[in-house]
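Engineer: here is a sequence together with a model predicted from it:
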Amino acid sequence: MRRKKQEQSKRKLEKQKRRITELDAIIQRLYEDNVTGKLTDERFAKLSATYETEQAELKQSVESLSVIVEASEAQAVNVRSFLKIVKKYTELTELTPQLLHEFVDKIVVHEADKSSGHRIQRIDVHYNFIGEVDFSPEFRR
C-alpha cells in the first residue's frame, strides 16, 4: 500500500514537472506572438497571467511532493538497511554488545507508574534506521 502511494506520488511529481516545462514553452510562444503582433497586449496579459499562476501553483506542489517522495525513499533505504542487519543475525543465541549497537540507537526508560497499584515501567527502544517501534501496552512492562 505504501509502495503504491509512493509510486503515485512519483508519477504525479513527474507529470507536474513536465507541465511546468510545457508552460515555459507556452509562455515563450505567447510572448513571441505578442511581439510579432499576432496577439494583442490585453490578450497576452490575460493568458500569460493565467499560465504563470498555474505554473506557480505547480512549482509549489512540486516542492511539497519532492519532500514527500524523498522522505519515502529515505525511509525505504533505512528499512532495507535495518533488514540487512537483521538477516545477519537470524539465529541468535545471545545478545552481544555488538548486536545491541548495530540494532539500537537509544533506549529511553521512563519513570515507573504505580498509580494503578502495580508498577508499570515504560521503556522506548529507538532502533537504528527505523526509529521507535510502538508496541501495544500488553508488551510494555
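Structural biologist: In hand now; what should we look at? Numbers count the residues shown, from 1 in each chain.
Engineer: phi first, then psi, for the residue of the chain positioned farthest from its centre.
Structural biologist: Distance from the centre of the chain peaks at G37, with 47.1 Å (C-alpha atoms, centre = their mean). Phi and psi for G37, reported as degrees, to the nearest 10, are phi 90, psi 0.
Engineer: check K38 too.
Structural biologist: Torsion angles, degrees, to the nearest 10, at K38: phi -80, psi -20.
Engineer: next one: A45
Structural biologist: phi -60, psi -40.
Engineer: show me the contacts for it.
Structural biologist: Under the criterion of C-beta atoms under 8 Å, 6 or more residues apart in numbering, A45 has no neighbours. No exception for glycine: its C-beta is placed from N, CA and C like everyone else's.
Engineer: quick check: it vs R29, distance?
Structural biologist: 15 Å (C-beta to C-beta, to the nearest Å).
Engineer: pLDDT below threshold where in this structure?
Structural biologist: 1-2, 89-92, 133-141 (pLDDT under 70).
Engineer: cool, thanks, talk later.
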